[in-house]
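S.K.: sequence? don't have it. structure:
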């Protein structure tokens, strides 16, 4: 079982479908174009390639041929080295647990 992501003109994933294993990098666009418009790219459920599994709303980064995950919190910054979103301030090192408070834009101890 393989998965194919449909990407719109703004590089946003708008659909992810299950396709036969016979769909490969070489024929993914041809297969997908029979279903709908846009760019069609294989995505790995196990994240074996393209860094992350494509989710609806995630961004396809053509510059690195990978899917950037959705931004969970407004104001967080994407770290290309870690391939994840980071808060505007690091989580305190004190014993937690800690939770990000989006309304106050800070970490709060639970």
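M.R.: Received it, and whenever you're ready, just let me know what you need. Everything quoted here is computed from the prediction, not taken from an experiment. Residues are numbered from 1 along each chain as shown.

S.K.: mind checking how far residue 95 is from residue 84?
M.R.: 23 Å (Cβ to Cβ, to the nearest Å). Glycine gets a C-beta too; all of them are placed from N, C-alpha and C.

S.K.: out of these two, which sits in the busier spot?
M.R.: Counted by other Cβ atoms under 10 Å, residue 95 and residue 84 do not tie: residue 84 has more neighbours, with 14 against 7.

S.K.: Quick check: beta-bridge partners of residue 66?
M.R.: residue 61 (DSSP bridges).

S.K.: how many neighbours does it have?
M.R.: Neighbours around residue 66, by other Cβ under 10 Å: 19.

S.K.: Test my guess that it contacts residue 54.
M.R.: No - in this structure, residue 66 is not within contact of residue 54 by Cβ atoms under 8 Å, at 9.6 Å.

S.K.: shared neighbours, these two?
M.R.: residue 60 (Cβ atoms under 8 Å, 6 or more residues apart in numbering).

S.K.: Please tell me how far the residue nearest the centre of the chain sits from residue 22.
M.R.: Nearest to the geometric centre of the chain sits residue 69, at 2.7 Å (Cα atoms, centre = their mean). Shown here: residue 69 relative to residue 22, a distance of 28 Å by Cβ to Cβ.
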